[in-house]
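Colleague: Requesting a structural model of the entry that follows:
(chains A, B and C)
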Amino acid sequence: MNFLSVNDASVDELIALAQHYKAHPLTDKQLGENKTLGMLFLNPSMRTRLSTQIAARNLGMEVIVFNVGAEGWALEFDDVAMNGNRSEHIKDAAPVLGRYFDILAIRTFPSLQNREEDYSEQYINQFVKYGNIPVVSLESGTLHPLQSAADVMTIAETFKEKRKPKIALTWAPHVKPLPHCVSNSFAQWINRWGKADFVIANPEGYDLKEEFTQGASVLHSQDEALKNADYVYVKNWCSYETYGAMPEVKSDWLLTLEKLKLTNNGKVMHCLPVRRDVELSAEVLDSASSIVASEAGNRVWATQAVLSQLLRSIKK
Amino acid sequence: MNFLSVNDASVDELIALAQHYKAHPLTDKQLGENKTLGMLFLNPSMRTRLSTQIAARNLGMEVIVFNVGAEGWALEFDDVAMNGNRSEHIKDAAPVLGRYFDILAIRTFPSLQNREEDYSEQYINQFVKYGNIPVVSLESGTLHPLQSAADVMTIAETFKEKRKPKIALTWAPHVKPLPHCVSNSFAQWINRWGKADFVIANPEGYDLKEEFTQGASVLHSQDEALKNADYVYVKNWCSYETYGAMPEVKSDWLLTLEKLKLTNNGKVMHCLPVRRDVELSAEVLDSASSIVASEAGNRVWATQAVLSQLLRSIKK
Amino acid sequence: MNFLSVNDASVDELIALAQHYKAHPLTDKQLGENKTLGMLFLNPSMRTRLSTQIAARNLGMEVIVFNVGAEGWALEFDDVAMNGNRSEHIKDAAPVLGRYFDILAIRTFPSLQNREEDYSEQYINQFVKYGNIPVVSLESGTLHPLQSAADVMTIAETFKEKRKPKIALTWAPHVKPLPHCVSNSFAQWINRWGKADFVIANPEGYDLKEEFTQGASVLHSQDEALKNADYVYVKNWCSYETYGAMPEVKSDWLLTLEKLKLTNNGKVMHCLPVRRDVELSAEVLDSASSIVASEAGNRVWATQAVLSQLLRSIKK
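Modeller: Residues are numbered from 1 along each chain as shown, chains lettered A, B, ... in the order given. Take a look at the predicted model:
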């Protein structure tokens, strides 16, 4: 059993378990006793890094963090004669890691150079293939399922009405091209959850891959998407079509308090880190509409739920 | 409750508690159970990093270390449109850290470019403002209170006479401009402690800010300061007046065994790291007069005392 | 008591203890209670870093990892006026580390610039001299004893016949000059173990220092060495004679499946990381003949045996 996407989860069950841990963090402190989580970072991470450590410790697990490139050896993932800068192959590293740890958690970013390669998830999939132990994605080439689990949990716990909430995922400006992971994954989870009216707004040229968005309405007008939205998820991503590019955008897509008036007193979400007054206006982030901090706080509980399920699967 | 300066401590009480932990390291092993200390490094650290981890574990706390820039995202502290290299704002990061940890310990250095900015302690103060949990300084823009707590403890435990010891804090040469933190803080703590004759010696142009030194005699002659000193605290610092500069110094300020003869068999202290034969002569460091290693060893106990007080304040 | 080479071990006893821990990892979980292992890295490490952390935790020890240069201060090991880039001297750092930890584990690489300096083991020896606590080598200037302990254990546990196994250590090509540590140490351990027919094969100009190889036959023909070998240990190293150089090699020294036919169904070992199709052919690594992953897995148990002996020596 791995945790690489929504396909490895039962959304409602996971949310319920996460809420349970939020109320009772240490209730399963014995579950992970004498089990070790190896956390491998091929790329930077703050929230994911810290919340996963806390979640694992809440379950009584040992945690060992390893910054692959900085502390060890740069990894090779292709079948080549290794005469370059990468001194260790995933085929040799992964089986060793699989012997050292009980669960392996991995952070890798896409190159944004080669769409086919990134979307093949060649990095994390080789850890799965050669590691022989459960693998948890701490964000991979195309998805960020731990983030999405916390996102859905945050919506579920804050929406108190009987009707379905309207959720708008809106593209936002940025200074450099960013991966699709958070957006793909959010779309995938909300669609699978199935308890929302879900709309995605982005400029033309920025449509996400349909595989992830299907079930949602994809609009090219932010204003239309914002109308009566209960939740506005703000995020930049680069072009999927012209892969890795940032096609020019006509109008201003920066979410402001003024624009937020279109919503139904909409709560604003973002995975963080966020660039203030570039990707999201500071006034929105500093307003009562923003729930980004409690969303980030929920990362602990969602991850604890995921790890506890993996631990239980190991023990079977 | 935070620990940012001597103003957050009762000096005698803290020393007594530190001595207690030195004799009985594990006596409060239950106190920090299921509490997590987050240690954030925006700058390098050895003694502070290691001694704080040990102190926290002695109290049963979990410890999570995070090298902010290298492992995560460079932090922005100013209110600007974030289109540069810093991808996360302290206003968004701190509330998340405040949700993950029970106590937050932070290492930041001053820029030495802008005196007003450094002396406003804008970095650590924003962690306090937006973090909503106790913050411990692991050295900030202008102070290094954990170092000073260990320094005073070291003097108190080694001075056995009934009279007041004479303590001389003396400027020392260096190859590059260094912060005022250790010196400001040492002066502040010795003055607050009030149980010493305290003199500070530095070349003209190197006077520390009076706010921290008041209570001590400030001399421009090292020889005069060394006379009959029981303790000689050696440290380089850059100019406060011409902020960040290293005005030329006429005579030789390097402490030697010859100069040490002026003292009353004076014990030599330094916070470390120290540049041998630049900042302090190797012969002095290798002599029986040096107590720098046991001073550094006391970092564990002083920090354990500080953390235990914060833990008790949380539980109230 | 330290662990710097085979001279600090009783080989058979260590292997037996390692096998015991492999079968019962947590049997001595109380042994290291309230003891702290400080792991200092002056150079990169993956297997050694991770397996040592796991071994220490299996013994109930606390572990603190410190990347010396990146997280702290660059260390000076020579007696010079410290006006360069290194801001802390080993003479001042080591006594502090000796106060913070119960056991100190250190990774340093040789410069490959100055043979005399590297072979004096000046780095790790100064930690021993000034640290005043047991020091464990995580690979030093000339040796890698934890690797060798796991290597011998791996051979001992896989060889089931009553006769002595034939072991061939063979030089392999590489893109850059590598240290002698693994090869010196392997030779030293196999010779000390004394239960094998041991042959070393390397091109002319690549003879290892006799101090470590004596007891083995040193050949310049790989084919001859491979004949009937039960184990083939593959490793690159630079020249000892023309220190740090890579004298040109006539024939192809890359181990292939074809060449492996010369052996007695020989098992292939390597310390990892390995450069595929440069140092060792991918086909060999991917074949059933390779035992590199289980060899790396044994690093945990060999290290656990070493640490447990040091812990017992402390308690006496």
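Colleague: Residues in contact with stretch A:2-16: which ones?
Modeller: Residues from elsewhere that reach stretch A:2-16 (CB atoms under 8 Å, 6 or more residues apart in numbering or on different chains): A:1, A:121, A:124, A:128, A:134-137, A:140, A:143, A:145-146, A:148-149, A:152-153, A:156, A:185, A:188-189, A:192-193, A:302, A:305-306, A:309-310. Placement of C-beta: from N, CA and C, glycine included.
Colleague: elements contacting the least confident helix or strand in chain A by mean pLDDT?
Modeller: For chain A, the helix or strand with the lowest mean confidence is helix A:68-71, at a mean of 92 (criterion: mean pLDDT, DSSP states H and E). Helices and strands touching helix A:68-71, by 3 or more CB pairs under 8 Å, 6 or more residues apart in numbering or on different chains; DSSP states H and E: there are none.
Colleague: And it, how far out from the chain middle?
Modeller: Mean-position distance between helix A:68-71 and its chain equals 22 Å (CA atoms, centre = their mean, to the nearest Å).
Colleague: again, but for stretch A:244-263
Modeller: Its chain's C-alpha centre lies 22 Å from the corresponding centre of stretch A:244-263 when counted by CA atoms, centre = their mean.
Colleague: for it, which positions count as buried?
Modeller: For stretch A:244-263, the buried set under the neighbour-count rule, 16 or more other CB atoms under 10 Å in any protein chain shown, comprises A:244, A:246, A:253-255, A:259-260, A:262-263.
Colleague: Repeat that for stretch A:271-289.
Modeller: Applying a neighbour-count criterion of 16+ other CB under 10 Å, one finds A:271-285, A:289 buried in stretch A:271-289.
Colleague: and what of stretch A:127-141?
Modeller: A:127-128, A:130-131, A:133-141.
Colleague: how about that stretch, does it get close to chain B?
Modeller: No: if you take CB under 8 Å from any CB of the partner chain as the test, stretch A:127-141 misses chain B, and the best it gets is 12.5 Å.
Colleague: Endpoints of that stretch, how far apart?
Modeller: The first and final residues of stretch A:127-141 sit 13 Å from each other (CA to CA, to the nearest Å).
Colleague: The least confident helix or strand of chain A: what's the following helix or strand?
Modeller: The C-terminal neighbour of helix A:68-71 among helices and strands, as given by DSSP states H and E, is strand A:75-76.
Colleague: Pop the domain breakdown of chain A in here.
Modeller: Taking automatic domain parsing as the reference, chain A has its domains at A:6-143+A:298-315, A:147-296.
Colleague: start to end distance for the last one?
Modeller: What it means is domain A:147-296. End-to-end distance for domain A:147-296: 8 Å, by CA to CA.
Colleague: touching chain B at all, that domain?
Modeller: Yes: Domain A:147-296 comes into contact with chain B when judged by CB under 8 Å from any CB, the residues involved being A:175, A:272-279, A:282, A:285-286, A:292-294, A:296.
Colleague: re the thing from before, using JSON lines, please lay out the buried residues of stretch A:127-141 together with secondary structure and pLDDT.
Modeller: Compiled in JSON lines, these are given as follows (DSSP: H, G, I helix; E, B strand; the rest coil; pLDDT from 0 to 100):
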{"residue": "A:127", "secondary structure": "helix", "pLDDT": "98"}
{"residue": "A:128", "secondary structure": "helix", "pLDDT": "98"}
{"residue": "A:130", "secondary structure": "helix", "pLDDT": "98"}
{"residue": "A:131", "secondary structure": "helix", "pLDDT": "97"}
{"residue": "A:133", "secondary structure": "coil", "pLDDT": "98"}
{"residue": "A:134", "secondary structure": "coil", "pLDDT": "98"}
{"residue": "A:135", "secondary structure": "strand", "pLDDT": "98"}
{"residue": "A:136", "secondary structure": "strand", "pLDDT": "98"}
{"residue": "A:137", "secondary structure": "strand", "pLDDT": "98"}
{"residue": "A:138", "secondary structure": "coil", "pLDDT": "98"}
{"residue": "A:139", "secondary structure": "coil", "pLDDT": "98"}
{"residue": "A:140", "secondary structure": "coil", "pLDDT": "98"}
{"residue": "A:141", "secondary structure": "coil", "pLDDT": "98"}
